[in-house]
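Novice: mind folding the following:
(one chain, ligands or ions: 1)
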Amino acid sequence: MRRIVAIYPGSFDPITNGHLDIVQRAVRLFDELIVAVLVNSDKAPLFSAQERVDMIRTILQQEALSARVDTFEGLLVTYAKKQKAQVIVRGIRAISDYEYELQMALMNRRLGPAIETVFMMPSEAYSYLSSRLVREVFKFGGSIEGLVPSLVEQQLRAKLGK
Ligand code: ADP
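Specialist: Numbers count the residues shown, from 1 in each chain. Modelled structure (predicted):
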């Protein structure tokens with residue numbers, strides 16, 4: 001029997017309800033989903049890779065979502081091949097995401113022609129939501145209720161002392 005393994009890669013710094021919305025949709029479509037946290041990005045992350053992985057694991061458990069959580073560095077396609085994944089899942093919020101995502105998808109196709117990128121749209125309630133915006137709003141004392149799981153809010157409070 002053919003099993004479709006999909007990877008949902010990202011920074012997840014931190015995971016938001018928009019990311020979770022995509023995970024919820026993706027677990028329904030694929031036999032196995034791996035949420036893969038990118039380690040070697042140039043941006044200095046707020047949360048360490050281990051902190052991000054731990055948070056995501058706990059939240060997926062709380063939400064009864066059966067996805068594996070892992071980290072990767074280097075080329076996504078190399079990681080996908082190692083995991084025997086056929087699909088890369090990416091979220092598209094608005095037209096502004098499209099250009100960058102298209103560029104990446106086509107480069108990944110060139111590097112790994114057997115791997116297909118699948119774009120998924122979150123609920124419109126999350127279509128303006130990004131990790132960066134969450135970090136900024138929280139930093140300046142704005143409410144992020146309903147935008148991130150409560151564990152993320154607690155961890156932000158612990159990290160930024162608000
Ligand atoms: P990256 O640095 O790889 O863009 P992110 O953690 O910001 O990592 O995002 C990972 C993936 O999730 C990307 O495909 C991004 O478009 C998508 N994404 C981010 N925020 C949302 C959201 N609110 N709704 C749907 N998809 C999202």
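Novice: I'd like the mean pLDDT over the helix or strand where residue 98 lies, please.
Specialist: Using DSSP states H and E, residue 98 maps to helix 95-111. For helix 95-111, the mean per-residue pLDDT is 95.
Novice: buried ones in it?
Specialist: If you call a residue buried by 16 or more other C-beta atoms under 10 Å, then helix 95-111 has these buried ones: 97, 101, 105, 108. For every residue, glycine as well, the C-beta is placed using N, CA and C.
Novice: ok, and which of the residues you listed reach the ligand?
Specialist: Under the cut-off given by C-beta under 6 Å from any ligand atom, the ligand has residue 97 from the buried residues of helix 95-111 close to it.
Novice: who does the helix holding residue 98 touch, helix- and strand-wise?
Specialist: helix 76-82, strand 87-91, strand 116-120 (3 or more C-beta pairs under 8 Å, 6 or more residues apart in numbering; DSSP states H and E).
Novice: identify the residues contacting that helix?
Specialist: Contacts to helix 95-111, defined as C-beta atoms under 8 Å, 6 or more residues apart in numbering, come from residues 75-77, 88, 90-92, 115-117, 119.
Novice: the ligand: which of those is nearest?
Specialist: residue 91 (2.2 Å; C-beta to the nearest ligand atom).
Novice: how about the nearest residue to that closest one, chain neighbours excluded?
Specialist: residue 22 (4.4 Å; C-beta to C-beta, 6 or more residues apart in numbering).
Novice: ok, the one you found touching residue 118?
Specialist: No. Using C-beta atoms under 8 Å, residue 22 is not in contact with residue 118, being 10.4 Å away.
Novice: who has more neighbours, these two?
Specialist: A count of neighbours by other C-beta atoms under 10 Å puts residue 22 above the other of residue 22 and residue 118, at 26 against 15.
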